[in-house]
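For reference, the sequence and a predicted model appear below.
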Amino acid sequence: MQEGCSGDPARRAGNEYLFQMLAETNMSTFQELGVKRIVASCPHCFHTLGKEYGDFGGEDLEVFHHSEIIAKLQQEGKLPEAEKNGRSITFHDPCYLGRIGDIVDAPRSVIGGVDAEPERHGKESFCCGAGGAQMWMEEDADKRVNEIRAAELAETGCDTVAVGCPFCSVMVKDGLDAVGSDMEVLDVAELLWEQIVAKDLEIHDKTKNRSGKARIWNSSISDLV
């Protein structure tokens, strides 16, 4: 990988010089490689590359969140539709994806919908606590945003929290541990990949069984000759 950090944490923390240096370096790399479209698994990168790189020559870049691409591939039949496989799932909307990016449906579509929504969700969702470079700052023990959000997610009664942001994944997991919840935290892509792997093993087993039966049948014929 030739590109560096999008610069989001630097800009949110107030280091504009570092942000501009990263943006200019990345744009130079994109132009050298002829990059026109970017898929970002991080909503912070999705926002920064798509909305803020225009000032550095990136006004024509098409930037997509990975949930948009996965949902599109599912609609085209190129990826399987999601199955819950016994899980009960809720979804935590990342700020830069839902409230700011207005992408609410795609991540839910990837996982086949949710079983329960937290009280604050969609464009009215609540931050995981990492935004604005807060991931690297300490908060008062009784006012930690990730613990407040984790408690809301735990109240859904689901056993799994789907996320679409690496920052959210860390903050939500830490928050759930702090409030004593054993909910599992997985990216929407991880939940779909879990299903693809299971299906792959199932197909492999069926193929193996069919080839085994063929060998048995052939040996029976040879015994009769």
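In hand now; what should we look at? In this text, all values refer to a predicted model and were calculated from it rather than measured experimentally.

just checking, residue 79 touches residue 193?
No. Judged on CB atoms under 8 Å, residue 79 makes no contact with residue 193 at a distance of 10.0 Å. Bear in mind the C-beta positions are built from the backbone N, C-alpha and C, glycine included.

and the two? which has more neighbours close in?
Between residue 79 and residue 193, counted using other CB atoms under 10 Å, the more crowded position is residue 79 (18 against 14).

Could you report the neighbour count for the nearest residue to that one once chain neighbours are set aside?
The shortest distance from residue 79 to any non-neighbouring residue, by CB to CB, 6 or more residues apart in numbering, is to residue 73 (4.3 Å). Residues within reach of residue 73, counting by other CB under 10 Å, total 14.

quick one: residue 73 from residue 86, how far?
Here residue 73 is placed at a distance of 24 Å from residue 86 (CB to CB, to the nearest Å).

Now for the most centrally placed residue in the chain: which residues touch it?
Taking CA atoms, centre = their mean, the centroid of the chain lies closest to residue 164, which sits 3.0 Å from it. Contacts here follow CB atoms under 8 Å, 6 or more residues apart in numbering; on that basis residue 164 touches 41, 43, 65, 66, 67, 91, 93, 94, 97, 107, 187, 188.

Spit out the contact partners of the first one.
Residue 41 is in contact with 65, 66, 164, 166, 187, 189, counting by CB under 8 Å, 6+ apart.

Compare the residues you listed and tell me which has the most neighbours.
Of all the contacts of residue 41, the highest neighbour tally under other CB under 10 Å goes to residue 164, namely 30 neighbours.

pLDDT score for that residue?
Residue 164 is assigned 97 on the pLDDT scale.

Ok, the one 4 residues further on next?
In this model, residue 168 is scored at 96, pLDDT.

Skipping adjacent residues, who's closest to it in space?
Counting by CB to CB, 6+ apart, residue 168 lies nearest to residue 128, which is 4.4 Å off, once chain neighbours are set aside.

Next, work out how far apart residue 178 and residue 157 are.
According to CB to CB, residue 178 stands 19 Å off from residue 157.

if you count what's nearby, which of the two comes out ahead?
Neighbour count, other CB under 10 Å: between residue 178 and residue 157, residue 178 has more, with 14 against 10.

show me where this protein has helices.
Taking DSSP state H as the criterion, the chain contains helices spanning 8-12, 16-33, 43-47, 66-75, 105-110, 145-154, 166-178, 188-224.

and of those, who's closest to residue 120?
Across the helices of the chain, residue 120 has its closest neighbour in helix 145-154 (6.4 Å, CB to CB).

orientation of that closest one relative to helix 166-178 in degrees?
Put simply, helix 145-154 runs at 80 degrees to helix 166-178, going by axes from the mean of the first three to the mean of the last three CA atoms, to 10 degrees.

List the buried residues of helix 145-154.
145, 146, 147, 149, 150, 151, 152, 153, 154 (16 or more other CB atoms under 10 Å).

Just to check, the first one is in contact with residue 152?
No. The pair residue 145 and residue 152 does not pass the contact test of CB under 8 Å, sitting 10.9 Å apart.
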